[in-house]
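Chemist: Attaching a predicted model along with its sequence, questions to come.
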Amino acid sequence: MPLVAAAVCPHPPLIVPELAGAAAPELDDLRAAADAAVARLLAAEPEAILLVGGGPETVRFNAAEHGSLRPYGLDRYVRLWKVNCAGGDRLPLSLTIGAWLLNRSGTELPRLARSVAHDATPAECAAFGASLILDDDPRVALLVLGDGSACRGVKAPGYDDPRAEAYDEGVAAALAGADADALRGLDPELSAQLRAAGRAPWQVLAGAVGAAGGDWRGELSHHSAPYGVAYFVANWERA
């Protein structure tokens, strides 16, 4: 799949306004940034969208699969592309939110989804990313879903860890600079300790960009940690 562009977005369930309820305005800026990143991804005129997010295992999903927001308190299915009897409720949270963002954009481009195991090694992630890029497939844009550390303060899901801020600043710099080497260098053990769900998907992105070749430029449009979890929104485009 010739890679034409990539976008990075987080996947908190509360980005869905109906799940956030009265707190929905607290994530208005994040929601707007994610919508803008998806629009910019589509402006690169891909022929298909490939979603990549973390999950319990590495899986290639078909276009009829869907996700569910029921575990988070909202009885709603989220289609990946076209729902039919061949599909099922199989998408992990990361890809469910990614599909929600794409559906929100109104695009009807073909889309595929891949999950990468949370504990995949950097080498496995990079190889998986490289395997997604084939010369004889349609022009594809990647939508990569992943959160940063979940240890930014005493109310964070992982409580407070003094290493979290420096970790997130490093990720932010790598995304802003389209620095694939920095992403490949993220330490799996530290990432797991900081509960950074984006480590493996970001390293898949690094592998895909490496296989695609050429020079890339990045732009970080959002970086926040409103609930003690770091959220990043970025776009990567060919230089």
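Modeler: Great, that's in hand.

Chemist: which ones are touching the most centrally placed residue in the chain?
Modeler: For the chain, L145 is the residue whose C-alpha lies nearest the centre (CA atoms, centre = their mean; 0.9 Å). Shown in contact with L145 (CB atoms under 8 Å, 6 or more residues apart in numbering): 8-11, 51-54, 94-95, 97-98, 198, 201. C-beta here means a position set from N, CA and C on the backbone, and glycine is covered the same way.

Chemist: So which of the residues you listed wins on neighbours?
Modeler: When neighbours are counted by other CB atoms under 10 Å, P201 leads those with 33 neighbours.

Chemist: mind listing what that residue touches?
Modeler: 52-54, 94, 116, 125, 144-146.

Chemist: What does the pLDDT read for the residue nearest to the centre of the chain?
Modeler: As predicted, L145 sits at a pLDDT of 98.

Chemist: do the one 10 residues further on as well
Modeler: According to the prediction, K155 has pLDDT 89.

Chemist: Helix, strand or coil: sort out it for me.
Modeler: coil (DSSP: H, G, I helix; E, B strand; the rest coil).

Chemist: How many residues are close by it?
Modeler: Neighbours around K155, by other CB under 10 Å: 9.

Chemist: Once you drop chain neighbours, what's closest to it?
Modeler: Leaving out its chain neighbours, the residue that sits closest to K155 by CB to CB, 6 or more residues apart in numbering is G228, at 5.5 Å.

Chemist: just the contacts of L145 now: which is nearest R70?
Modeler: I97 (13.9 Å; CB to CB).

Chemist: For that closest one, give me its contacts.
Modeler: 9, 11-13, 15-16, 53, 78, 145.

Chemist: Could you list the low-confidence segments of the protein?
Modeler: Within the chain, the segments meeting pLDDT under 70 span 1, 83-88, 135-136.

Chemist: what ranges do the helices span in it?
Modeler: Under the criterion DSSP state H, the chain contains helices at 17-20, 28-43, 93-105, 122-131, 164-176, 180-184, 188-193, 199-212.

Chemist: okay, these, which one's buried deepest?
Modeler: helix 199-212 (a mean of 26; mean count of other CB atoms under 10 Å).

Chemist: re earlier: of the contacts of I97, which is the nearest to G218?
Modeler: For the contacts of I97, the nearest to G218 is C9 (13.8 Å; CB to CB).

Chemist: List the residues that contact that closest one.
Modeler: With CB under 8 Å, 6+ apart, C9 has these contacts: 34, 37-38, 97-98, 101, 143-145, 233.

Chemist: quick revisit: which of the contacts of P201 fall within strands?
Modeler: Using DSSP state E, the subset of the contacts of P201 located in strands is 52-54, 116, 144-145.

Chemist: Nearest to D161 among the residues you listed?
Modeler: G54 (19.4 Å).

Chemist: what are the bridge partners for that closest one, then?
Modeler: V116 (DSSP bridges).

Chemist: residue contacts, it?
Modeler: Contacts of G54 (CB under 8 Å, 6+ apart): 92, 94, 115-118, 145-146, 197-201.

Chemist: do the same with R217
Modeler: 178, 236-239.

Chemist: need those in JSON lines with distance to P157 and neighbour count, can you?
Modeler: As requested, the contacts of R217 are exported to JSON lines (distance: CB to CB, whole Å; neighbours: other CB atoms under 10 Å):
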{"residue": "A178", "distance to P157": "29", "neighbour count": "24"}
{"residue": "W236", "distance to P157": "28", "neighbour count": "25"}
{"residue": "E237", "distance to P157": "32", "neighbour count": "18"}
{"residue": "R238", "distance to P157": "36", "neighbour count": "15"}
{"residue": "A239", "distance to P157": "37", "neighbour count": "9"}
